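*Asks:* Take this sequence and fold it.
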Amino acid sequence: MFLRPFLNQRSPIGSNPPMRLLLLLAGLVLAVPALSAASNTAPASGALGLFKDDSQTCMRCHWMETMAYRDRETREIVNLSIDTQAYRHSVHAELSCSDCHAHGYSHYPHRSSSADENLQCVGCHETHADAGAPGLIGLEQEYANSVHVVEGVEDFSCFACHNPHTFKPAGGREPIAEVVARTNGVCLDCHEELLTPVPQGHDWLPKPQAHWRSVRCLDCHTPVQGRVPEHPSHQILPAAESNQLCVDCHTRGSALLSQLYNYRAAQGLERQGFFAQALYNEAYIVGMSRNRLLDGISLSVLALTILGVAAHGYGRYRAYRKRETS
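*Replies:* Down below sits the predicted model:
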């Protein structure tokens, strides 16, 4: 539209074909970035929280990858950028910024005290339990007994391990290797000494780096008793209490790896179905399956087979006695 007056045939520029072509090219160069920016800000499925009115005000600055500041006390760079793609796939994707950051952010620049807000995961989940937020009371008690809390690790909280802007639980479609890498990444971000060829405290473990890629730290550093396959424990054990017996992992039906292998079995069921999983991947044992219908059918067939064999034997016996009598 802004080029129309200049492209009028009556104007000096409009009567010059090369000049008209240059103006058209310039218009395209200016329009492409605008269209690209518009496409990047369009609402996407699963990312509604960042596209609500109050969140858009925040994301005018916080979408920038360079959004950060240097802490005056620790002299470390604090990242304030929000990865919109990671947030879109996180468990909190439907929440807007003000759902958690409700006070102290109405003015810009924000007051230095704004960052002192006391965010509590357990309390928030209790408040929004009617909306479907899962309860975290049991996790809170496990966390209270964790080595990080008992030994008083400085500035340790839920947010030390879980970034609320990117957190997502392991899903049925996520490969085992990605689950292990993402979970262990939380531990290894702090325990960088474990990335050395002979990690401190794990010198008894053969090929430690291979274990970091195949087994989660929490599989050995959480209690075996009372494990729930769908919910890893938040009670992290100290080194002296964690499992160090190879046989406890390298045995069939290992209790230490039950959560990880149950997840793998769930993957197989989702991809192939129960019957294919039972026939092609694992031996099926009647009565040991979690599918009650298949167990019932199998036990009924087994009972009918036994009755058939018994009836056939009894019939043969009666026929033999009849021949003997005649």
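
*Asks:* can you give me the end-to-end distance of stretch 68-87?
*Replies:* Taking C-alpha to C-alpha, to the nearest Å, stretch 68-87 runs 18 Å from one end to the other.

*Asks:* That one: which residues count as buried?
*Replies:* For stretch 68-87, a neighbour-count test (16 or more other C-beta atoms under 10 Å) marks 82, 84, 87 as buried. No exception for glycine: its C-beta is placed from N, CA and C like everyone else's.

*Asks:* Please render the residues you listed as CSV that adds distance to residue 133 to the earlier fields.
*Replies:* Below are the buried residues of stretch 68-87 laid out as CSV (distance: C-beta to C-beta, whole Å):
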residue, distance to residue 133
82, 21
84, 23
87, 17
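
*Asks:* Including distance to residue 228, secondary structure and pLDDT, could those go into a markdown table?
*Replies:* As requested, the buried residues of stretch 68-87 are arranged in a markdown table below (distance: C-beta to C-beta, whole Å; DSSP: H, G, I helix; E, B strand; the rest coil; pLDDT from 0 to 100):
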| residue | distance to residue 228 | secondary structure | pLDDT |
| --- | --- | --- | --- |
| 82 | 32 | coil | 88 |
| 84 | 33 | helix | 87 |
| 87 | 28 | helix | 89 |
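
*Asks:* can you pull the buried residues of the longest helix anywhere in the chain?
*Replies:* Longest helix in the chain by number of residues (criterion: DSSP state H): helix 292-325. For helix 292-325, a neighbour-count test (16+ other C-beta under 10 Å) marks 295, 298 as buried.

*Asks:* Stretch 87-98 too?
*Replies:* Quick answer for stretch 87-98 (16+ other C-beta under 10 Å): 87, 88, 90, 92, 93, 95, 96, 97, 98.

*Asks:* How about stretch 218-226?
*Replies:* Result for stretch 218-226 [16+ other C-beta under 10 Å]: buried residues 218, 219, 220, 221, 222.

*Asks:* Start and end of that stretch, how far apart?
*Replies:* Across stretch 218-226, the terminal residues are separated by 14 Å (C-alpha to C-alpha).

*Asks:* what's in contact with that stretch?
*Replies:* With C-beta atoms under 8 Å, 6 or more residues apart in numbering as the test, stretch 218-226 has contacts from 183, 187, 232-233, 235-237, 242-244, 249, 255-257, 259-260.

*Asks:* Distance check, residue 190 against residue 133.
*Replies:* 27 Å (C-beta to C-beta, to the nearest Å).

*Asks:* before we move on, what about residue 90?
*Replies:* As judged by C-beta to C-beta, residue 90 and residue 133 stand 14 Å apart.

*Asks:* Please apply the same query to residue 62.
*Replies:* In terms of C-beta to C-beta, residue 62 sits 24 Å off from residue 133.

*Asks:* Same question for residue 227.
*Replies:* Residue 227 sits 23 Å away from residue 133, going by C-beta to C-beta.

*Asks:* Point out the least confident one among the buried residues of stretch 87-98.
*Replies:* pLDDT across the buried residues of stretch 87-98 is lowest for residue 98, at 82.

*Asks:* was I right about it contacting residue 54?
*Replies:* Yes. Counting by C-beta atoms under 8 Å, residue 98 does reach residue 54; the two are 4.6 Å apart.

*Asks:* Fine by me, we can end here.
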